[in-house]
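[1] model the structure of this input:
(6 chains)
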There are 4 protein chains.
Amino acid sequence: MSTGSGTSPNAARRSDASRRAILRAAFDLVGEVGYAKLSIEGIAARAGVGKQTIYRWWPSKGAVLFDAFLMLSEDSGGSPALPDTGDLRADLVAVLRATVEELNDPRYDEPMRALNTEIAHDPELARTYLQRLERPMRELKKDRLRSAQRAGELPSDLDLDVAVDLIWGPLLNRWMLRGGELTGDYAERVVVAALDGLRPRGGAVG
Amino acid sequence: MSTGSGTSPNAARRSDASRRAILRAAFDLVGEVGYAKLSIEGIAARAGVGKQTIYRWWPSKGAVLFDAFLMLSEDSGGSPALPDTGDLRADLVAVLRATVEELNDPRYDEPMRALNTEIAHDPELARTYLQRLERPMRELKKDRLRSAQRAGELPSDLDLDVAVDLIWGPLLNRWMLRGGELTGDYAERVVVAALDGLRPRGGAVG
Amino acid sequence: MSTGSGTSPNAARRSDASRRAILRAAFDLVGEVGYAKLSIEGIAARAGVGKQTIYRWWPSKGAVLFDAFLMLSEDSGGSPALPDTGDLRADLVAVLRATVEELNDPRYDEPMRALNTEIAHDPELARTYLQRLERPMRELKKDRLRSAQRAGELPSDLDLDVAVDLIWGPLLNRWMLRGGELTGDYAERVVVAALDGLRPRGGAVG
Amino acid sequence: MSTGSGTSPNAARRSDASRRAILRAAFDLVGEVGYAKLSIEGIAARAGVGKQTIYRWWPSKGAVLFDAFLMLSEDSGGSPALPDTGDLRADLVAVLRATVEELNDPRYDEPMRALNTEIAHDPELARTYLQRLERPMRELKKDRLRSAQRAGELPSDLDLDVAVDLIWGPLLNRWMLRGGELTGDYAERVVVAALDGLRPRGGAVG
DNA sequence: ACGTAAACGAGACGGTACGTCTAGTCTTCAG
DNA sequence: CTGAAGACTAGACGTACCGTCTCGTTTACGT
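    Numbering: from 1, shown residues only, chains lettered A, B, ... in the order given. Here you go, the predicted model:
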């Protein structure tokens, strides 16, 4: 479950109560004091745990934070499939609007910024993130696009990875760098532009 | 020139030599030791400057770093206009390939990650960044798109901000979160997808 | 007037208003914040004077403080002669009781401790102190003892310096090191012991 | 052993090696650079110790210095009793001559000045000093005087505290304020004056 | 049921950097 | 050229955490 890769201590005897308390404390604290002021010392104190218990099982502050996100996503039963009503544009707009909601929720905003920052600066952590969280979520998105391909809404030779980037990239980028207000309306315009393209189309649309 | 917003000390007497030495040291150090280990103390020592001279003029480590970028961009005469050969797709591909090069250059990679994560965590800094660096660069991009509108390559009612996000967002997002290899080829596929859109087009274009 | 010894700046143009403001501020501040927290910076601010004006005319914090005492003593017309009623014991007791009063007055206690500390650590300052303040006061004391010699109350071959030390030394020592309560009663017992000596006397006493 | 009075950290786990290194370094440094330039930072560096280890166990620089003296006096087995040959005057002169030697030894001069000035400015430290160092030494002095009382050399109703002040006060005061050369001869004259008193005696004694 | 070995809470340790404060020097400007 | 103002280099202050290292104390196996 841990992000550590080397030879572990005797994991069999690991205290699950402490582990959960640490992850809970880490997630809560990052929301309260911000990422810059998050400290191992603070996490240990909040969790009622010795510092060594953290250093024993995680290699870095980012790894703790990452596991905290992992626990959260697992506790909530993992991510469900994207909605599939047969109307791709509507489904994407709905999903992105929900994402915008979440990104604007201060309860998630700060912790997610923290996680992204850690990923940006720690290649090892980034690799784990890709495998454990990003890839599964990306697969769900590609599943919806594949369904659209089967329905003839998208070409069968579409590069799905580029497609996912085109739809979600602008949103995440604007959020991360605060490049303007993040509204549901903006999300909708991005979806339309991504599906239709920037250039004028010969045929009728939608 | 500084990022500080409140009442400044007597800026007329400010030592320009110290200011430049600090920004130079900050930029060099962030490339050498990485952002996590960049310290005010280290910058002051490298610049041959008292710590107070930094605290007097900048409110945070991120602000120093930001001004360092600003100085660099101003010293190099600001950014030039994007190429305009009349072929939008080719021009965009060329620009994005160059951007990919830069993002893959370790000389710029680490400092730019540092700047971006600081922006992500500091709304005040983000505001300044938008005005001083992001907006001017975005205008250059929009200028090229406007030129394409005049040439009939893009619809005249196109939302240029969304267009810029669509083209550059995926690239920056993949770079920041290390969501896969960042190649010129990827850049090209993003440009094509953005221009043509994901959905099948009625007639062949360009 | 200054304690500085080297080549002075053009003393003719010296601003007497600034000089007095500085000495006044130094004396007041040492009583308010204590000696440890007394700073040149603080004195300059309180006096409404640039720091350089202090550094120009005094070599050290102690020198400023010393001049402050000097000014005070000169402004109050210098020390008057000790009382001489013809009864040495009574006169000494009266003087020492007054000294005890002064030493117990918080208005003088802290500044005098500060001055003594500076003297203890700065031989150069100590020399000046001896000449300008200690010696004059000691002469007044010796004058009173000489008068007693003439009156036959003290032997004519008495070492007056040792005598002064014997009478005032215990008091100052107890005050400085807080070696017990400093009362008028204690002062009286010291005078009696000093005059009569510790050993039993053959003849009748006083 | 520490001068701190409030609730201590877990003293059981205290590192004695660090404690001794700190006290040693403090004593050595105060002799080398003087009290004014003695810094916690310097002590920590010299002792090979983190600053926090000093702040954890001592409330102030003065307290460290004080404990350094305490350690020294305890390591050298504490002070022995004063000599008692039956001749009080000779014994006192011998002791005071030795004290003069010590006060003139630069190895002890500066540290003792530092300790004394700290005591002068810190009532809390003064209290501890009185109990732990001054009182024991004073008792040894009073013991010798009591012996003299039993031998009939001193009156049985003599105020021993005043007597001790009368003998040692002048010496310490002259030393602290550099009120003249501190010689064995001076010490002898003080002893004689203190024992015989300043006034002329009826009969010859001793 | 009992030893034993590990993980645990606690927290002292040598360090680094923080952001503030003061020292003493240097520069600019008004009079 | 003076004195006021204040920016400058330098470095100590006391605090917060870092990551490592004991301490005793649970806790859960393997006997």
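[2] does any part of stretch A:148-167 sit near chain B?
    Yes. Interface with chain B: stretch A:148-167 contributes A:153-155, A:158-159, A:161-163, A:165-166 (Cβ under 8 Å from any Cβ of the partner chain). C-betas here are computed from N, CA, C, even on glycine.
[3] now that we have those, which of them are buried?
    Neighbour counting with 16 or more other Cβ atoms under 10 Å in any protein chain shown marks A:153-154, A:158-159, A:161-163, A:165-166 as buried within those.
[4] out of those, who's nearest D:Lys51?
    Nearest to D:Lys51 among these, counting by Cβ to Cβ, is A:Asp165 at 50.2 Å.
[5] if we ignore the residues flanking it in sequence, what's nearest that closest one?
    B:Pro170 (3.8 Å; Cβ to Cβ, 6 or more residues apart in numbering or on different chains).
[6] for that neighbour, give its distance to B:Leu96.
    As judged by Cβ to Cβ, to the nearest Å, B:Pro170 and B:Leu96 stand 10 Å apart.
[7] give me the common contacts of these two.
    B:Val190 (Cβ atoms under 8 Å, 6 or more residues apart in numbering or on different chains).
[8] now for A:Asp84, how many residues are close by?
    13 (other Cβ atoms under 10 Å in any protein chain shown).
[9] thinking again about what came up before, other SSEs contacting the helix or strand encompassing the residue nearest to A:Asp165?
    According to DSSP states H and E, B:Pro170 maps onto helix B:160-176. Other elements packing on helix B:160-176 under the criterion 3 or more Cβ pairs under 8 Å, 6 or more residues apart in numbering or on different chains; DSSP states H and E are helix A:160-176, helix A:184-196, helix B:88-104, helix B:135-150, helix B:184-196.
[10] what's the third one in contact with?
    By Cβ under 8 Å, 6+ apart, the residues outside helix B:88-104 that reach it are B:82-85, B:108-109, B:112, B:144-145, B:148, B:151, B:153-154, B:167-168, B:171, B:175, B:182-184, B:186-188, B:190-192, B:195, B:206.
[11] just how off-centre is that helix within its chain?
    14 Å (Cα atoms, centre = their mean, to the nearest Å).
[12] one step back: neighbour count for B:Pro170 and B:Leu96, which is higher?
    B:Pro170 (32 against 20).
[13] thought A:Asn173 was touching B:Leu166?
    No. The pair A:Asn173 / B:Leu166 is not scored as a contact, 10.3 Å apart, by Cβ atoms under 8 Å.
[14] which intervals of chain A have sub-threshold pLDDT?
    Applying pLDDT under 70 to chain A flags the ranges A:1-7, A:202-206.
[15] how about the residues of it near DNA strand E?
    A:9-11, A:13-15, A:18-19, A:48-53, A:56-57 (Cβ under 7 Å from any atom of the strand).
[16] three-state assignment of the nearest residue to A:Gly42 once chain neighbours are set aside?
    With sequence-adjacent residues excluded and distances taken as Cβ to Cβ, 6+ apart, A:Gly42 is closest to A:Leu29, at 5.8 Å. The three-state label given to A:Leu29 by DSSP: H, G, I helix; E, B strand; the rest coil is helix.
[17] could you pull up the residues touching A:Leu29?
    If you count contacts by Cβ under 8 Å, 6+ apart, then A:Leu29 has A:38, A:42-43, A:46 around it.
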